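A.B. asks: sharing a model that was predicted from the sequence below.
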Amino acid sequence: MYQTSIDDFLEIEEFQQDLISWFLRVQRELPWRQNPTPYQVWVSEIMLQQTRVDTVIPYYDRFMQKYPNPEALAAAEEEDVLKTWEGLGYYSRARNLQTAVREVVSEYNGKVPDNAKELGQLKGVGPYTKGAILSIAYQQPEPAVDGNVMRVISRIRKVEEDIAKPKARKIIEGIVSDMISAEDPSSFNQGLMELGALICKPKNPLCDECPVQAHCRAYKEDLQEMLPIKSRKKSQRTEKYVALLIRDENHRILVQKRPEKGLLANLWQFPMIPMDKANTTDELVQWFGDQYGITIDVHKHLTDIKHVFSHIIWNLDVYSATSTGGCLQEGKGEFLSAEELQQLPFPVSHQKIARLI
DNA sequence: AAGGCGGGGAC
DNA sequence: GTCCCAGCCTT
């Protein structure tokens, strides 16, 4: 059904021409498009995973300033890398990127691999990123199928598979493999993504301005609003916590590092107590004493914070408090000055608390 | 195959 | 509120 027949070759060549010439004419000027090194392509592609271009730009600039090459990133402290990534989300991207870059420095003499086998084994480099690096950095005709490309190809070729399912990506990859330009795979792949971002948008696609309108089955059949087909994800669960801004006698503040796995791994936070463990202030003080080893005096309610993740909603009830005695248990955090806190990476939800200091 | 994993912009 | 963004990893 999605096979390419001999009769389609001429059509495909026209499609390539229309797409690539449009891309070369209208492409946005982006920091990672100025004669990029493979490392620059790699970093930009990791940052762009599930993240909009406009959000990434300032992060990319700061990151490249601090870590201009694989050696610099390999030598950095993880905590500093996370601080540079602070606010961008999906923090395992940063940790996996550093792990992979260290492997590139030690195993490949600092040269980013130019083949699918070695690239695919690097931490955090999946099918999309692998294809993006091979095509954009090395001009190899490999598909790079992201959300944009799934939507664009679904419409152009009337693919009615549910793009939320893994099977759809394989189908789209096959189609792109049959269509990709051998002369300029970089512009072809980037053109598909740029088309998705600027013209072939999820809602209200600008078909009147589309450079490949003549090649689009969805447009021909007026199905552009119906495609792609995508099943809905289930909604988030809610978790309620009390968060505490606890000062000691020197006005230092209690913070702790989160576990090395799971949500917001290795980031820092203010102590949080599940709401069901602290129905009353007395219960809260009791629980905190048991868990942390210090007694606290809870003062006024500062604010409520609602923070939405992709799969969880946090409701944080924030109180100020002072530590009045006891000895902080090992591994339960440390009291730091406001200046010292500035150096540590916090999730956005807890940056909101830090602003109250 | 399904769920965990951030945050923000567009509507 | 909903959707979704230049996705990957784990189970």
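C.D. replies: Perfect, thanks for sending it.

A.B. asks: quick one: name the residues of the stretch 101-250 of chain A near DNA strand C.
C.D. replies: Contact residues (CB under 7 Å from any atom of the strand) of the stretch 101-250 of chain A with DNA strand C: A:123-130, A:132, A:146-148, A:151, A:190, A:193-194, A:196-197, A:202, A:230, A:232, A:235. Any C-beta I mention is one placed from the backbone N, CA and C, and that applies to glycine too.

A.B. asks: of these, which belong to helices?
C.D. replies: Members of these lying in helices (criterion: DSSP state H): A:127-130, A:132, A:147-148, A:151, A:190, A:193-194, A:196-197.

A.B. asks: re earlier: pull out the buried residues from the residues of the stretch 101-250 of chain A next to DNA strand C.
C.D. replies: Among these, the ones that count as buried by 16 or more other CB atoms under 10 Å are A:124-125, A:127-130, A:132, A:146-148, A:151, A:190, A:193-194, A:196, A:230.

A.B. asks: contacts for the helix or strand harbouring residue A:173?
C.D. replies: Taking DSSP states H and E as the definition, residue A:173 sits inside helix A:166-179. Contacts to helix A:166-179, defined as CB atoms under 8 Å, 6 or more residues apart in numbering, come from residues A:2, A:4, A:12, A:15-16, A:127, A:141-145, A:149-150, A:153-154, A:157, A:159, A:161-163, A:188-189, A:192, A:228.

A.B. asks: does stretch A:111-129 reach DNA strand B?
C.D. replies: No. Residues of stretch A:111-129 are not located near DNA strand B by CB under 7 Å from any atom of the strand, the shortest gap being 10.1 Å.

A.B. asks: quick one: distance of that stretch to the chain centre.
C.D. replies: For stretch A:111-129, the separation from the chain centroid amounts to 17 Å (computed by CA atoms, centre = their mean, to the nearest Å).

A.B. asks: measure that stretch end to end?
C.D. replies: Counting by CA to CA, to the nearest Å, you get 16 Å between the two ends of stretch A:111-129.

A.B. asks: residues in chain A within reach of DNA strand B, list them.
C.D. replies: Checking chain A against DNA strand B by CB under 7 Å from any atom of the strand, the hits are A:50-52, A:54-55, A:87-92, A:165-167, A:203-204, A:234, A:262-265, A:307-312, A:347-349.

A.B. asks: go with 6 Å
C.D. replies: Residues of chain A found near DNA strand B (CB under 6 Å from any atom of the strand) are A:50-52, A:55, A:87, A:89-92, A:165-167, A:262-264, A:309-311, A:347-349.

A.B. asks: selecting buried members of those residues in PyMOL, what would you type?
C.D. replies: Here is the PyMOL command that selects the buried residues among these (16+ other CB under 10 Å):
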select buried, chain A and resi 89+91+264+347+349
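
A.B. asks: low-confidence ranges in chain A?
C.D. replies: Scanning chain A for pLDDT under 70 picks out A:1-7.

A.B. asks: name the SS class of residue A:227, please.
C.D. replies: coil (DSSP: H, G, I helix; E, B strand; the rest coil).

A.B. asks: for it, give me its contacts.
C.D. replies: Contacts of residue A:227 by CB under 8 Å, 6+ apart are A:151, A:154-155, A:158-160, A:218.

A.B. asks: who wins for neighbours among those?
C.D. replies: residue A:154 (27 neighbours; other CB atoms under 10 Å).

A.B. asks: what's the strand or helix carrying residue A:349 packed up against?
C.D. replies: Taking DSSP H and E as the criterion, the element that holds residue A:349 is helix A:348-354. For helix A:348-354, the contact count by 3 or more CB pairs under 8 Å, 6 or more residues apart in numbering; DSSP states H and E identifies strand A:237-247, strand A:294-308, strand A:312-326 as packing neighbours.

A.B. asks: alright, calling it a day.
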